[in-house]
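**Q** Just to be clear, the model below is a prediction. Sequence and coordinates:
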Amino acid sequence: MNVMLNPYSPLRPILVVEDSDMDLDFCMQAFDEHAIANPVIVCRDGDEAMQFIDAHPTSDNPRLPLLVLLDLRLPKVDGLEVLRHARQHPVWKQVPFIILTTSRENSDIGTAYQIGVNSYIVKPVDFVSFAKVVKRIKLYWILTNEPPFAPPSG
């Protein structure tokens with residue numbers, strides 16, 4: 001697990017669960033381009049993500065994320081299983097999850113919504129399009145949406 005950007009920020013972090021170096025690089029560049037100030041915590045596989053979820057079970061934990069960007073195709077444990085695991089925890093039922101994946105399969109989309117994803121986005125393959133998606137995520141999920149938990153007390 002890596003913490004990137006400002007780990008001392010009073011803002012809740014964004015948890016990115018992504019195994020692809022290129023997609024993670026796109027994500028971090030887009031966060032920088034759109035001045036996303038939240039710290040970013042990265043888990044590189046599904047098992048690591050589930051361990052992170054288990055280690056942060058309370059709403060007053062400052063590392064409980066504002067939102068989670070979750071890939072489906074992950075090593076060890078797939079993204080749907082990570083989402084299923086998160087939704088079994090009372091606090092994590094409230095954390096917004098956005099699946100950001102290459103899969104357009106109806107079965108993946110349907111299952112994701114059945115087990116509680118808040119949004120399902122197919123990853124663009126080029127940086128310019130990816131950055132536009134990140135801008136929309138920022139506008140809605142960071143600036144417009146009211147999060148379930150207050151910012152951590154510093």
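**A** Good, I have the coordinates.
**Q** Quick one: residues contacting residue 51.
**A** Going by CB atoms under 8 Å, 6 or more residues apart in numbering, residue 51 touches no other residue. The C-beta positions use only the backbone N, C-alpha and C, and glycine is treated the same way.
**Q** Just the element for it, please.
**A** helix 46-55 (DSSP states H and E).
**Q** Next, report how far the next helix or strand after that helix is displaced from the centre of its chain.
**A** Next along the chain after helix 46-55, taking DSSP H and E as the criterion, comes strand 67-70. Distance of strand 67-70 from the chain centroid (CA atoms, centre = their mean, to the nearest Å) equals 1 Å.
**Q** swap in stretch 43-58?
**A** 12 Å.
**Q** Can you show me the CA trace of that stretch as PDB?
**A** Extracted C-alpha coordinates of stretch 43-58, given in PDB (Å, rounded to 0.1, in the frame of the first residue of the first chain):
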ATOM      1  CA  CYS A  43      -3.700  -0.800  -3.100                       C
ATOM      2  CA  ARG A  44      -2.200  -2.900  -5.900                       C
ATOM      3  CA  ASP A  45      -4.300  -6.000  -5.500                       C
ATOM      4  CA  GLY A  46      -7.600  -7.200  -4.100                       C
ATOM      5  CA  ASP A  47      -6.200  -8.900  -1.100                       C
ATOM      6  CA  GLU A  48      -4.300  -5.700  -0.100                       C
ATOM      7  CA  ALA A  49      -7.600  -3.700  -0.500                       C
ATOM      8  CA  MET A  50      -9.500  -6.100   1.700                       C
ATOM      9  CA  GLN A  51      -6.800  -5.800   4.400                       C
ATOM     10  CA  PHE A  52      -7.100  -2.000   4.200                       C
ATOM     11  CA  ILE A  53     -10.900  -2.200   4.600                       C
ATOM     12  CA  ASP A  54     -10.600  -4.500   7.600                       C
ATOM     13  CA  ALA A  55      -7.900  -2.200   9.200                       C
ATOM     14  CA  HIS A  56     -10.200   0.900   8.900                       C
ATOM     15  CA  PRO A  57     -13.500  -0.100  10.400                       C
ATOM     16  CA  THR A  58     -14.700   3.200  12.000                       C
END
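**Q** Okay, buried residues for that stretch please.
**A** Using 16 or more other CB atoms under 10 Å as the test for burial, stretch 43-58 gives 43-46, 48-50, 52-53, 56.
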